[in-house]
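A.B. asks: Quick one, what's the 3D model for this:
(chains A and B)
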There are 2 protein chains.
Amino acid sequence: MNEQLDPARAATAAEAAPTPSDLANAIRALAMDAVEKAKSGHPGLPMGAADIATVLFTRFMKYDSADPTWADRDRFVFSAGHGSMLLYAILHLTGVEGMTIEELKNFRQLHSKTPGHPENFVTPGVETTTGPLGQGIATAVGMALAERMLAAEYGDDIVDHHTWVLASDGDLMEGISHEAIAFAGNLKLNKLVVLWDDNGISIDGPLSLSDTTDQCKRFEACGWRTIRVDGHDQAALARALSRAKKSDRPTMIACKTTIGFGAPTRAGTSKAHGEPLGAEELAGAKQALGWGYAPFEIPAAIKKAWEKAGRKGRSARKAWEQRFQALPAETRADLERRLAGIPPKALGEAIAAHKRALVESPAAAATRKASEAVLNAIAPAVPELVAGSADLTPSNNVKVKTSVPVKPGDFAGRYVHYGIREHGMAAAMNGIALHGGFRPAGATFLVFTDYARPSMRIAALAGIPAIYVMTHDSIGLGEDGPTHQPVEHLAALRAMPNLRVFRPADAVETAECWQLALERTDGPSVLALTRQNLAPSRTTHSDANLCETGAYELSPAQGGAAKATIFATGSEVEIALAAQALLAERGIASRVVSTPSLDLFLAQPEDVRSRIVGDAPIRAAIEAGVRFGWDAVIGDDGVFVGMQSFGASAPYKQLYEHFGITAQALADKITARHNG
Amino acid sequence: MNEQLDPARAATAAEAAPTPSDLANAIRALAMDAVEKAKSGHPGLPMGAADIATVLFTRFMKYDSADPTWADRDRFVFSAGHGSMLLYAILHLTGVEGMTIEELKNFRQLHSKTPGHPENFVTPGVETTTGPLGQGIATAVGMALAERMLAAEYGDDIVDHHTWVLASDGDLMEGISHEAIAFAGNLKLNKLVVLWDDNGISIDGPLSLSDTTDQCKRFEACGWRTIRVDGHDQAALARALSRAKKSDRPTMIACKTTIGFGAPTRAGTSKAHGEPLGAEELAGAKQALGWGYAPFEIPAAIKKAWEKAGRKGRSARKAWEQRFQALPAETRADLERRLAGIPPKALGEAIAAHKRALVESPAAAATRKASEAVLNAIAPAVPELVAGSADLTPSNNVKVKTSVPVKPGDFAGRYVHYGIREHGMAAAMNGIALHGGFRPAGATFLVFTDYARPSMRIAALAGIPAIYVMTHDSIGLGEDGPTHQPVEHLAALRAMPNLRVFRPADAVETAECWQLALERTDGPSVLALTRQNLAPSRTTHSDANLCETGAYELSPAQGGAAKATIFATGSEVEIALAAQALLAERGIASRVVSTPSLDLFLAQPEDVRSRIVGDAPIRAAIEAGVRFGWDAVIGDDGVFVGMQSFGASAPYKQLYEHFGITAQALADKITARHNG
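C.D. replies: Have a look, this model is predicted:
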């Protein structure tokens, strides 16, 4: 009989000399109690995975509860975020400051540190925000990559830690898991270990209703080592984790567990997954586990043993701090800056110099090419930049002269071939940023933000300053047709809280938008860039970053007060300027407001907004996308020229004519309104 | 030496008695010529996969070019849509009506039948819209499932065909491929065959830059049979396809090919992938292939051989038509209706009866539960409905009393356990609908539309009437917190052309929205439903479907002309009604316009819209989501109560208070505006 399920075992034994099972049962009990009190939550996973977590934290994690953000700590990524009480229990038990028993009693309550799913921006010791399945494992891949890249730069004395993931069946069913696994396997990220909570149960019932994948074989196919183990045998788990640490490739440990372990009628069933056990089942579980304590009560000896585990990495941390302090002053200062996510001081001057050069030699350019020029100009100033593309390197133009790709076993490079994995890329970028030391910029076509959206949302929610370089940003990409032409994407991205969407109009604006994205520290940014060439719209130098209010008057009205204000973004700014000229010929004065970031503009204070909007009687906007969202600037009676449907396949100039996105159409609409 | 690469072979030989290689070379030549003329496109894949396609179409496909939409045809899903010229070449060569050589000369031009990527709504003989990678293979899984389900209902005499997929490396790298593969393997969809164009090249260069997955092992792990074959050896290919047809599970054939086969300097390199070869390389390729013909010239004997292949399935089709005509008249009529995608006549009366019953016994209900009641009421009237959930069956409430799940080898059921695969579910739904005979309704939480968005976009673009049942539609889901609370999703979905977004306010509106979704034939619909209970807002019966204009006056102003119009959706309608009462106490008359579909409302003619908007001086809206998009109705100076950030984890009533989405807050804002 499993010792944990021996009700005859005297409770006092645990108090005298806690066994590893007692430590696991503490997690189980806290999870049951907290979910019961909240009348909401997921007891099944913490009860099933408690032994795994106990082995990891008491015997393997390089972890110091006194400083849960120490740079060279092992990362624990809790991909199965619905089982959040497991993580909160550990943070409490090991003694992380602020993670009191009161917080556990406030599980899932407003303003608590114990929200329904783990949020790194709320709870000390939580590495990343999880809950949407698959995100954790894919984010962890980025962390493991960042660890190797930073180690390649600063040496194993300064950077040398593991990334551990606890993943559920659901994590492995989500498609993003495949992108993450194949990517990690190819790069041989051997310090990444996935602990799969193999409980065979999903919400609908037995997993076999929908999945019979041989996960070990699947991971092996992707270049991983795999180990199968009884997830309730702590000794066997310890042997497996030891082997994983020595692997030359990433390791997946399939830990066979029972969901809701200990619950008398619900263990091993989907009923254990996502609801409180209820008083009777809870009592039965505690009895079965030999846990004779009141709700939220942890015997002192067990708490003490857990706190000892929490201190396990303390000496390693102190030794590391000495090595860190021994770094040459300049090296240490720069690494400190990078770990703190502070943009480099040299960036502003590099951008300004680049802007000056641009206006001195104006030339038509696609903004994707202008972006490449920016990256070439700023690369030396931003050593933390890690660029990459989801297999569109020749099109996205984020690989610059000095870019060297990372390769399996060689992580000195700062360019990542993410493969055709937009979702995995965005999640890995989250992990790279969260690890610290790097600023990720990942590229694909704008239309494929749809593939990456769940990970972009995590970035926006958790305030991760990832930069998405999204080229081919409209029907202007031409012949590839409607499947590749974003129409609604600018709107859909602008709708997301805390995501900045930039769509620069020329090379100068591209530099300014890059600066704003790189100087942002509290959230992600999209740069929407054209495939097609654009005329320079900014022809005189300005030291100030005119894009920083999201919109600015680019071309004032000539010959009298403006009858119309025309808002335009990106490739449509040159069309707006042409419409302004047409209107001038007709005696209608108008002004053009370039709007590189509609959402940033809408976030300005009222007085800034009204100054820029002005008081012309007609407000118009032109953008090669849908109107949705523009009424906030031009009013529901404003004039709009853009897309009302999906695009089409043809050379792009014909498409602009076909869909009526022309200076003529815009001028005619404004003229009709003016006369009408 | 490979016969195809023997330039010495007299061109006249091909004209006398074309070999299989000559047939493949016809595809290659047309692809090269069309891309060259368009100055745009992807020659590499058609040149590499021409032998695979030739074997499939000349020896295996149950296909009749005279009727490319015959119901029991084999499906050919061209997942690697960027190589569209391969498909267009076959459609032309086999003699599909309208696919003239002129169309091929107009490749990628406006109004042609040969757009950049294959679009089933443009081109006869194209089964589904592809290009975004991974979509084709995942859609094909839905087709193969629909085939088995329809066969279970009507017998193998009426439904008995294969689904063939040509997939690229990119298709297999995208995460959605894993969802599709694992789902198909679990269900043992043995009539599904994936032909993997294993060319080892992606845009960035050798595939090994980003991927070294053992794809055969991976598919086997997911329950597939696999076969490796030389993709330029037509005899070997034919043996592999024969074996695949006899398999008891889905089969993946790894066809080792050379991208750009025949091109003298670019074959086997990423340079062959996505750009015209150029005159010199093209001439060299034609010489290497022994193809001595002018651009777009196909020797008569080769065209004749291809046309013969196009007729290969004709006798099978005629025999099938006889069997189909021999069906009992009622059975045949109903199947014809279902294959044509015509909604059942009995639906309207079933909805009306249900609505009558609802107002007779009004009760508070979550709209997800109201939706379940609708499904129970209409199930007998809509035999084509195939519901399912991405492992949230107990939460989404689309499994009704009569629902029986499909199981491996038993496809009589009409409920699908999709597993935790939102993206794969949405793509499979596209395939189920495109196959014909079924209307798919798939469910998950609204926040996870982010995971499914690329497939939802294909549905919107291609006019596929899928229904997404998206529950837990706001902060009203409570404790699960911000990762699970949609805030921007209604806006992001409304921005997508041709997608209808419904958010009903009570049980009656839920019935009406279901009716509108089911009666829609030209595009997809989202039903956004609550977790929490809502009071009935519709208390008298109306035969008319009041939701059909997207918005309607639910509660007129009392005691004078309305000073304010309040627009509200879903769970916020009851809050709007409470605010109306509060305002009435303050002597401010207002009216409430329920807006179950903002996008449908905005699509109404101007006169309908103005009638519903009315002329109250204040326009206000309340929705537990972002304001983005609402200015189109309330104006940029309108009053809005909703979310300005992500949500939080707490019991939902506290969240509504915390975020100020209350009757009090709305009434106060309107009062201030009224007085100000």
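
A.B. asks: Quick one: residues contacting the residue in the stretch 151-300 of chain A positioned nearest to chain B.
C.D. replies: Residue nearest to chain B within the stretch 151-300 of chain A: A:Gly175 (2.7 Å; Cβ to the nearest Cβ). C-beta: built from backbone N, CA, C; applies to glycine. For A:Gly175, the contact set (Cβ atoms under 8 Å, 6 or more residues apart in numbering or on different chains) comprises A:134, A:423, B:134, B:174-179, B:421, B:423-424.

A.B. asks: Tell me how far it lies from A:Ala138.
C.D. replies: Distance of A:Gly175 to A:Ala138, given as Cβ to Cβ, to the nearest Å: 10 Å.

A.B. asks: list the contacts for the residue of the stretch 351-500 of chain A found nearest chain B?
C.D. replies: In the stretch 351-500 of chain A, the residue that lies nearest chain B is A:Gly419 (3.2 Å; Cβ to the nearest Cβ). Applying Cβ under 8 Å, 6+ apart, we find A:Gly419 in contact with A:179, A:182-183, A:186, A:390-391, B:173, B:202, B:209-211.

A.B. asks: With A:Arg538 instead?
C.D. replies: If you count contacts by Cβ under 8 Å, 6+ apart, then A:Arg538 has A:358-359, A:505-509, A:546, A:554 around it.

A.B. asks: where's A:Pro295 relative to B:Arg414, distance?
C.D. replies: To B:Arg414, A:Pro295 is 45 Å away according to Cβ to Cβ.

A.B. asks: about what we covered before: looking at the contacts of A:Gly419, which one is closest to A:Gly523?
C.D. replies: A:Gly523 lies nearest to A:Ala390 out of those, by Cβ to Cβ, at 21.3 Å.

A.B. asks: Apart from its neighbours in sequence, what residue is nearest that closest one?
C.D. replies: The shortest distance from A:Ala390 to any non-neighbouring residue, by Cβ to Cβ, 6 or more residues apart in numbering or on different chains, is to A:Thr444 (4.3 Å).

A.B. asks: Please name every helix or strand in contact with the helix or strand hosting that neighbour.
C.D. replies: Per DSSP states H and E, A:Thr444 falls inside strand A:439-445. Using 3 or more Cβ pairs under 8 Å, 6 or more residues apart in numbering or on different chains; DSSP states H and E, the elements in contact with strand A:439-445 are strand A:385-389, helix A:393-396, helix A:422-435, strand A:467-471.

A.B. asks: For the last one, what is the distance to the chain centroid?
C.D. replies: To tie it back to what came earlier, the one meant is strand A:467-471. Offset of strand A:467-471 from its chain centre (Cα atoms, centre = their mean, to the nearest Å): 14 Å.

A.B. asks: ok, back up a step: where does the residue of the stretch 351-500 of chain A closest to chain B sit, in terms of helix or strand?
C.D. replies: Take DSSP H and E as the rule and A:Gly419 turns out to sit in neither a helix nor a strand.

A.B. asks: Also A:Val194?
C.D. replies: For A:Val194, the host element (DSSP H and E) is strand A:192-198.

A.B. asks: What strands line up against that strand, and which way round?
C.D. replies: Strand A:192-198 has these partner strands in its sheet, going by DSSP bridges: strand A:163-168 (parallel), strand A:251-256 (parallel).

A.B. asks: what's near enough to touch the closest residue to the residue of the stretch 351-500 of chain A closest to chain B other than its chain neighbours?
C.D. replies: With Cβ to Cβ, 6+ apart as the criterion, A:Gly419 has its nearest non-adjacent residue at 3.2 Å, and that residue is B:Ser210. Residues in contact with B:Ser210 (Cβ under 8 Å, 6+ apart) are A:183, A:186, A:391, A:417-421, B:173, B:202, B:204.

A.B. asks: Between these, which sits nearest B:Ala151?
C.D. replies: Distances from B:Ala151 to the contacts of B:Ser210, taken by Cβ to Cβ, are shortest for B:Met173, at 32.4 Å.

A.B. asks: how about the closest residue in space to the closest one that isn't next to it in sequence, phi and psi?
C.D. replies: Spatial nearest neighbour of B:Met173, excluding adjacent residues (Cβ to Cβ, 6+ apart): A:Ile420 at 4.1 Å. Backbone torsions of A:Ile420, given as degrees, to the nearest 10, read phi -80, psi 70.

A.B. asks: Compute the number of surrounding residues for A:Ile420.
C.D. replies: Burial of A:Ile420 is recorded as 30 neighbouring residues (other Cβ atoms under 10 Å in any protein chain shown).

A.B. asks: quick one: contacts for A:Leu655?
C.D. replies: Counting by Cβ under 8 Å, 6+ apart, A:Leu655 has contacts A:475-476, A:478, A:647-648, B:110.

A.B. asks: May I ask which of those residues has the most neighbours?
C.D. replies: Of the contacts of A:Leu655, with other Cβ under 10 Å as the count, A:Ile475 tops at 30 neighbours.
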